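Engineer: Here is a sequence with its predicted model. Questions after.
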Amino acid sequence: MKILIINFGFRGGMAQYPALMTNELAKNENVDITMFSPESEETRSLIDDRVDVVWYTPPSKTTRHTKLQIGMILYKLVSNLWKIKPNVVHFPFYSSYSASASPFVKCAGVPIVATVHDPISHSGMKRKLLNRDLNASLRTVTGNQLDGIIAHGPNCYEQAIEAGYSTEKLYSIPHGLYSHFQQNREYTKSKNSREDEKVVLVFGTIRPNKGYDRLDAIVDAVAEEIEDVTFVVAGSAPNSLDEEYKRSVLSRLEANESIELSLEYIENDEVATFFENADVVLLPYYDATSSGVAMIAYTFDTPIVSTNVGDVGRMIQADQSGLVSLPSSTQKIADNVIDVLSDERLQEQITKNMVKSKEKYRWENIAEEILEVYRDVSQRK
């Protein structure tokens, strides 16, 4: 079976997820796989030698020639579609870019599979047109051309139905571990270099749906009860972030003595250190579907405190990999952080639960489920 993976992500989870998935699929001797991907050091460092890669230069958002660049990328994609003649095309992140490219794939008569991570845009990230979520509407309209739609869990599956995707084409498959962060490391929890303090990690790109605007209140409530606690906030604030929101949130975080800020993109070789040194990973989200940060926490067996949103909350409750609360209760989030930090037995039990649960999130198991989707859509075609 010939598979073409069309990737539009060049950094962070949008580069790492497609690379890890593609690497695992390439291990199957019955699969001939090619990835169409933007040129980036991150993807090059992750992709396996078994994978043929067609590289392209990602468009610049700062030039008036952006539309021309996108046109050249689509031309290169179409040329390689006819050259490779894949049995299935897979978009591992179904975004607005993917939605723009899918009609060209459809014209080539190739079955299309897409992984829809966010069927409905997160709060604070919606572009409106006639009071409708523009990006979600665009993805849904073109999504009806898809032959297989992968959603990461029951909640994402339900959101996809609500957004208008066809139930006959939907498949529920778990999100895989970001296990590459642990490779080539002699890792044990005892390697924590900050043993004299309790460390709570808040990791990832700063966005309105992730609850950063109430983080200072959570920190203050925890610091009242737990001595020597440090909240490490690590991740970048994107240019697209509302300036007023950014100034308001960052000024409060910078003023809090219990918060240590690392406001930059965290390179792959630095990620492990943050999770190794953490006692708790905190996800104070208002809304979410799945969470790449949670999957990194699973990789390092680090207990999670989260709100009960999307498939993140469901996963944590089912696996007993942490504590969850209603997204509306800031105080309960803080109480859960306090409970985990102050109870070593609870920490140990959560870690054991994570070790036992994460087998189902290993890419070798997920790749088999994805291959079943490919076979299914090929037969239906």
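Structural biologist: All right, it came through fine.
Engineer: Can you verify my assumption that residue 235 contacts residue 266?
Structural biologist: Yes: between residue 235 and residue 266 there is a contact under C-beta atoms under 8 Å: 6.5 Å. (C-beta placed from N, C-alpha, C; glycine too.)
Engineer: who touches both of the two?
Structural biologist: residue 203 (C-beta atoms under 8 Å, 6 or more residues apart in numbering).
Engineer: Comparing these two, which shows the higher neighbour count?
Structural biologist: Legend: neighbour count by other C-beta atoms under 10 Å for residue 235 and residue 266, higher for residue 235 (22 against 17).
Engineer: okay, now the residue nearest to that one when sequence neighbours are not counted: neighbour count?
Structural biologist: Leaving aside its chain neighbours, residue 235 sits nearest to residue 204 (4.7 Å; criterion: C-beta to C-beta, 6 or more residues apart in numbering). Counted with other C-beta under 10 Å, the neighbours of residue 204 add up to 21.
Engineer: What distance do you get for residue 204 to residue 20?
Structural biologist: 17 Å (C-beta to C-beta, to the nearest Å).
Engineer: Residue 355 too?
Structural biologist: Counting by C-beta to C-beta, the gap from residue 355 to residue 20 is 20 Å.
Engineer: So those two - more neighbours on which side?
Structural biologist: residue 20 (23 against 12).
Engineer: just checking, the more buried one is part of a helix?
Structural biologist: Yes: under DSSP: H, G, I helix; E, B strand; the rest coil, residue 20 sits within a helix.
Engineer: so what does whichever strand or helix holds residue 199 touch, helix or strand wise?
Structural biologist: Applying DSSP states H and E as the criterion places residue 199 in strand 198-203. Secondary-structure packing of strand 198-203 (3 or more C-beta pairs under 8 Å, 6 or more residues apart in numbering; DSSP states H and E): strand 229-234, helix 268-276, strand 280-283, helix 330-341.
Engineer: quick one, strands of the stretch 101-250 of the chain?
Structural biologist: For the stretch 101-250 of the chain, the strands defined by DSSP state E, counting those that start in this stretch cover 112-115, 128-129, 132-133, 148-151, 170-172, 198-203, 229-234.
Engineer: Make TSV from those and add mean neighbour count, mean pLDDT and distance to residue 158 to it.
Structural biologist: Output for the strands of the stretch 101-250 of the chain, formatted as TSV (neighbours: other C-beta atoms under 10 Å; pLDDT from 0 to 100; distance: least, C-beta to C-beta, whole Å):
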stretch	mean neighbour count	mean pLDDT	distance to residue 158
strand 112-115	26	96	16
strand 128-129	10	52	23
strand 132-133	14	66	16
strand 148-151	25	96	9
strand 170-172	18	97	10
strand 198-203	23	97	27
strand 229-234	21	98	31
